[in-house]
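Peer 1: Pasting the sequence and the predicted coordinates here, then a few questions.
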Amino acid sequence: MTLRVTVLGGAAAWPNPGQGCSSYLVESDAAAVLLDCGPNTLATLREKIDYHTVSGVVLSHWHSDHVLDLIPYRYGLVYGPGTLDAPIPLWVPLGVEQRLHALAASLIDPGDDPASFWASAFAINEYDGATLIRIGDLTISLHWSQHYVPCYAMRVEQQSTGAVLAYSADAGSIEPLVELVRNAHLAIIEATLDDYGDTPPAERGHLTPESAGQLARLGGAKSLMLTHLWAERDPETVMARSLTEFRGPTMIAERGMTVDVR
């Protein structure tokens, strides 16, 4: 199978009408991986594949719009029909495992073990920028991304075809991510902001459409998907603004959209 990505959600901060927040299903012959697991995206995942067959989940950072559907996902794996042969590997930035246990503690009965809440569904692994994640025939490298909390963009490479997918996660600066995007067949880049206002460059946590297009151009991406957008923003305007910097094939992330990465 050609490397394939399906948009499970591309909304920013809270779900849009008919679309959840950040989550992308990346599939090959040997793997099915979730990049982030934002709210209101599990339903779309269930439309596409058996959720028991996901090979791994990689979270970019600890913000609710990128992680909250882990909770219903866990309940489905534990209590739903079907069988999970082994806990699904869950990769999170350093320090996030403790936050997952704290979240579990708020959901379970007093005296229950927060670690056991996740253990039957997910095998938690922490990563840093030097970690290389291998799942099936996919290799995922992590790249630090400027944001309000520790955040990592991802570069997914399929060994059999050489296909490359780049995912910016949330990003306030394009400079750290140019090599991430280098010659990617598809770059999924956030374009949350209309403008930066008076925010100094070092304090920014999101990109504008122009910056997203510039990142794709500087990295030599073959195509661009713009994501992390409010429903109130006109998609044609967002795309037109990005096209002032990047003239290659460009699309807006839509729920259920499937793209072959090649």
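Peer 2: Thanks, I have the structure now. Quantities reported herein were computed from a predicted structural model and do not represent experimental measurements. Numbering: from 1, shown residues only.
Peer 1: Next SSE downstream of the helix or strand bottoming out on mean pLDDT in the chain?
Peer 2: Within the chain, no helix or strand scores below helix 114-119, which has a mean of 93 by mean pLDDT, DSSP states H and E. Downstream of helix 114-119, the first helix or strand assigned by DSSP states H and E is strand 122-127.
Peer 1: Against which helices or strands is that next one packed?
Peer 2: helix 70-79, strand 88-93, helix 96-105 (3 or more C-beta pairs under 8 Å, 6 or more residues apart in numbering; DSSP states H and E). Yep, even glycine has a C-beta here, placed from its N, CA and C like the rest.
Peer 1: how about JSON lines for these, with mean pLDDT added?
Peer 2: Formatted as JSON lines, those follow (pLDDT from 0 to 100):
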{"stretch": "helix 70-79", "mean pLDDT": "97"}
{"stretch": "strand 88-93", "mean pLDDT": "98"}
{"stretch": "helix 96-105", "mean pLDDT": "96"}
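Peer 1: follow-up on the earlier one: how far off centre is the least confident helix or strand of the chain?
Peer 2: 23 Å (C-alpha atoms, centre = their mean, to the nearest Å).
Peer 1: Show residues contacting that helix.
Peer 2: 74, 87, 90, 100, 101, 102, 104, 105, 107, 108, 124 (C-beta atoms under 8 Å, 6 or more residues apart in numbering).
Peer 1: Can you select the buried ones from those residues in ChimeraX?
Peer 2: Selection command for ChimeraX covering only the buried members of the contacts of helix 114-119, criterion 16 or more other C-beta atoms under 10 Å:
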select :74,90,100,101,104,124
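Peer 1: which residues in the stretch 101-250 of the chain form strands?
Peer 2: For the stretch 101-250 of the chain, the strands defined by DSSP state E, counting those that start in this stretch occupy 122-127, 132-135, 138-144, 152-158, 164-167, 186-190, 224-227, 250-252.
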